[in-house]
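Q: starting from these lines, generate the structure:
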Amino acid sequence: MKTELENFDRIHIFNHYHAMTNPFAFVTSRVDVTKLYQLCKRGKSHYATIGYYVVKTINEIDNFKYRYENGKIYKYDKIDANFTQMFKNKNIGYFRVNMCDDLNSFLDVFKEREEDFLNSNQSVEENDQAEVRLSCEPWFHFTGLIPPFNKEVAIPQIIWDQFTFEGDKCYLNFMIMVHHGFADGSHIGMFFHTLEELIEQIDI
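A: Numbers count the residues shown, from 1 in each chain. From the prediction side, this is the model:
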C-alpha cells in the first residue's frame with residue numbers, strides 16, 4: 001500500500017536533484033557481518049539471509065520508502081526485495097520476494113521464488129515500485145561501484161561483495177544507491193548504523 005505525499009517536505013530538494021543528469025548518491029561502506037556469516041554457516045542461504053537483513057533495515061527508515069511515480073511522490077508502507085540472479089547460461093534476471101516478519105519465512109519464500117525463476121528462465125515483472133533492488137558480486141572485492149540506473153525510477157539499489165576475513169572477523173562492502181532528493185548522507189549513515197545493529201542482535 002502507498003500514500004501520495006501531497007505536501008512532501010523535501011520537494012524543493014527533490015526537484016533540485018531530479019533536474020540533474022544523475023540525481024543519485026552512491027556510497028560504499030564496510031560492515032562487520034561476523035554474526036551474519038556465522039548464521040549463514042548453519043545451512044542458510046547467504047544471498048537470501050543478507051538480503052533479508054538489508055530489506056529489514058530499509059523498512060525501518062522512511063526515506064528509503066519514498067518513490068517518484070508519474071510526477072508524484074509516494075511513500076510505501078512496506079518494501080519487498082528484488083533479487084538479481086544468474087541463469088545457467090550466465091545471463092541474469094530478476095525475481096521478487098515479499099518481505100516477511102521473520103527470517104525463516106523469508107528464506108522459504110526466497111527458495112520458492114528462486115526455483116520458479118530458474119525453471120522459467122525469465123524474469124518476473126512486477127507492477128509497482130515497493131521494492132529495493134539487491135545484488136551480490138561474490139567473485140571480487142570492491143571499494144566503490146556505480147550500477148546502471150534510470151533517473152525516472154527512484155528505487156534504491158544495494159550491492160555487496162565477497163566476504164573478507166580478518167582474524168575472527170568477517171566483513172562485506174555494501175554499495176547503496178539512493179535518490180538524493182529522498183535521502184542525504186545522514187539517512188545513508190542511518191542505514192549502515194541500523195544494519196550493524198540488527199546484525200549485532202543476531203543470537204549465535
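
Q: just checking, Val97 touches Phe83?
A: Yes: if you go by Cβ atoms under 8 Å, Val97 and Phe83 touch, sitting 6.4 Å apart. C-beta: built from backbone N, CA, C; applies to glycine.

Q: intersection of neighbour lists for these two?
A: Overlap of the contact sets of Val97 and Phe83 (by Cβ atoms under 8 Å, 6 or more residues apart in numbering) consists of 48, 51, 110.

Q: how about the strands in this protein?
A: Using DSSP state E, the strands of the chain run over 2-4, 24-32, 66-69, 72-76, 80-86, 92-97, 131-136, 157-160, 164-166, 169-179.

Q: format these as TSV; extra columns: mean neighbour count and mean pLDDT.
A: Compiled in TSV, the strands of the chain are given as follows (neighbours: other Cβ atoms under 10 Å; pLDDT from 0 to 100):
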stretch	mean neighbour count	mean pLDDT
strand 2-4	12	96
strand 24-32	17	98
strand 66-69	20	96
strand 72-76	17	97
strand 80-86	19	96
strand 92-97	18	94
strand 131-136	21	97
strand 157-160	22	98
strand 164-166	11	97
strand 169-179	20	98
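
Q: what's the closest of those to His12?
A: strand 72-76 (12.0 Å; Cβ to Cβ).

Q: what angle do that closest one and strand 131-136 make?
A: Here strand 72-76 runs at an angle of 70 degrees relative to strand 131-136 (axes from the mean of the first three to the mean of the last three Cα atoms, to 10 degrees).

Q: who does strand 72-76 pair up with?
A: According to DSSP bridges, strand 72-76 forms sheet pairs with strand 2-4 (antiparallel), strand 66-69 (antiparallel).

Q: and these: which comes nearest Val153?
A: With Cβ to Cβ as the measure, strand 66-69 is the member of the strands paired with strand 72-76 nearest Val153 (8.1 Å).

Q: format the strands of the chain as TSV; extra columns: distance to Glu114.
A: Listed next are the strands of the chain as TSV, based on distance: least, Cβ to Cβ, whole Å:
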stretch	distance to Glu114
strand 2-4	26
strand 24-32	24
strand 66-69	25
strand 72-76	23
strand 80-86	6
strand 92-97	6
strand 131-136	12
strand 157-160	18
strand 164-166	26
strand 169-179	21
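
Q: how about those strands, which one is nearest Glu115?
A: Comparing these by their distance to Glu115 (Cβ to Cβ), the top pick is strand 92-97, with 9.8 Å.
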